[in-house]
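S.K.: build me a structure from this.
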Amino acid sequence: MSNLNIRKYISLLLALILLTLGIGTCGVYISYNDPVVREYSYESSKIAESVKVVVLTDLHGNQFGEGNAELLQIIEAQQADAVFMVGDFLNKYDKEHGEVIELVDALTEIAPVYYALGNHEQQYMKHQGEQLLQDITEAGAELLELSYQDIELNGQKLRLGGMVDYAFALDGHDSTNPETMKPEVYQYLCDYQDTDLLKIMLAHRPESFVLGEASETWDVDLVISGHVHGGQVVLPYVGGLYGSDQGFLPD
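M.R.: The predicted structure is shown next:
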């Protein structure tokens, strides 16, 4: 290959890299500044009445409009029966959580709010204490952390749970062996699944009910998660590039 062809090849490669970076940068900017509504449907023989919920997750302190005014306007327009908050509304290194509580307080004026913790709330409390939990409930949300409630939305009864822990043991095999799982997690899941109601779990990490033996063990109808910020990067002809907790080239 001649030097001229090599230079053309390198130039083309650099142009493709710059284009990719540019598209990625634009995508990140848009995601942080232009909220959109994505609709998903779930059907079950256990559902007799239609229920509409808004799912929020992973804001990480980002605000859409002053005081999240733009975001709140979008949510109010959905006329939902409830709002499910699925964790990581602040960052682990934050010094205070006032903006989170302001958001919770505003959301409760729109619909009932159910809040499940994410890993960033979990780590935040390690250095800031657990006042966050009390403030969430005082703002009007129902806090779901290794707990569940039997609720009724638009005439539909269901069991709603929440947890930030993994639904398996961190024993190298991702097993659901009661001797290796956290006792409180194992007992909670046994109690939670003991119902004929539709069972929805707010589990911040999607891997919690996917990896190992979890999906085969626990009787959960629908898991709603966040954590992966919209999903893993997927490359043509390659597939997934990176998955949280799964590493590079995940299955």
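
S.K.: hey, let's count contacts and neighbours off CA atoms from now on
M.R.: Will do.

S.K.: buried set for the helix or strand containing residue 151?
M.R.: Using DSSP states H and E, residue 151 sits within strand 147-153. For strand 147-153, burial by neighbour count (16 or more other Cα atoms under 10 Å) applies to 147, 148, 153.

S.K.: need the contact list for the closest residue to the second one other than its chain neighbours.
M.R.: I take that to be residue 148. What sits nearest to residue 148 in space, not counting adjacent residues and going by Cα to Cα, 6 or more residues apart in numbering, is residue 161, at 3.9 Å. Counting by Cα atoms under 8 Å, 6 or more residues apart in numbering, residue 161 makes contact with 144, 145, 146, 147, 148, 149, 192, 199, 200, 201, 202.

S.K.: next one: residue 57
M.R.: Here residue 57 is in contact with 85, 86, 87, 88, 89, 225, 226, 227 (Cα under 8 Å, 6+ apart).

S.K.: the fourth one against residue 58, yeah?
M.R.: So the one you mean is residue 88. Yes - using Cα atoms under 8 Å, residue 88 is in contact with residue 58, at 4.6 Å.

S.K.: ok, and what's touching the strand holding residue 151?
M.R.: 51, 81, 82, 157, 158, 159, 160, 161, 162, 163, 188, 192.

S.K.: want to throw those residues into JSON lines with secondary structure, distance to residue 138 and pLDDT?
M.R.: Formatted as JSON lines, those follow (DSSP: H, G, I helix; E, B strand; the rest coil; distance: Cα to Cα, whole Å; pLDDT from 0 to 100):
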{"residue": "51", "secondary structure": "coil", "distance to residue 138": "26", "pLDDT": "96"}
{"residue": "81", "secondary structure": "coil", "distance to residue 138": "21", "pLDDT": "98"}
{"residue": "82", "secondary structure": "strand", "distance to residue 138": "18", "pLDDT": "98"}
{"residue": "157", "secondary structure": "strand", "distance to residue 138": "25", "pLDDT": "97"}
{"residue": "158", "secondary structure": "strand", "distance to residue 138": "24", "pLDDT": "97"}
{"residue": "159", "secondary structure": "strand", "distance to residue 138": "22", "pLDDT": "98"}
{"residue": "160", "secondary structure": "strand", "distance to residue 138": "20", "pLDDT": "98"}
{"residue": "161", "secondary structure": "strand", "distance to residue 138": "19", "pLDDT": "98"}
{"residue": "162", "secondary structure": "strand", "distance to residue 138": "18", "pLDDT": "98"}
{"residue": "163", "secondary structure": "strand", "distance to residue 138": "20", "pLDDT": "97"}
{"residue": "188", "secondary structure": "helix", "distance to residue 138": "24", "pLDDT": "98"}
{"residue": "192", "secondary structure": "helix", "distance to residue 138": "25", "pLDDT": "98"}
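
S.K.: and which of these is nearest residue 124?
M.R.: residue 163 (16.1 Å; Cα to Cα).

S.K.: what bridges to that closest one?
M.R.: Here residue 163 sits in beta bridges with residue 203, going by DSSP bridges.

S.K.: am I right that it is in contact with residue 122?
M.R.: No - assessed by Cα under 8 Å, residue 163 is found out of contact with residue 122, at 10.9 Å.

S.K.: who has more neighbours out of those two?
M.R.: Each of residue 163 and residue 122 had its neighbours counted (other Cα atoms under 10 Å), and the higher figure belongs to residue 163 (26 against 18).

S.K.: thinking again about what came up before, now, which of the contacts of strand 147-153 sits nearest residue 62?
M.R.: Using Cα to Cα, residue 82 comes nearest to residue 62 of the contacts of strand 147-153, at 21.8 Å.

S.K.: and for residue 88 and residue 58, which residues touch both?
M.R.: Common neighbours of residue 88 and residue 58 (criterion: Cα under 8 Å, 6+ apart): residue 227.

S.K.: and those two? which has more neighbours close in?
M.R.: In this view residue 88 and residue 58 are compared by other Cα under 10 Å, and residue 88 has more residues nearby, 25 against 22.
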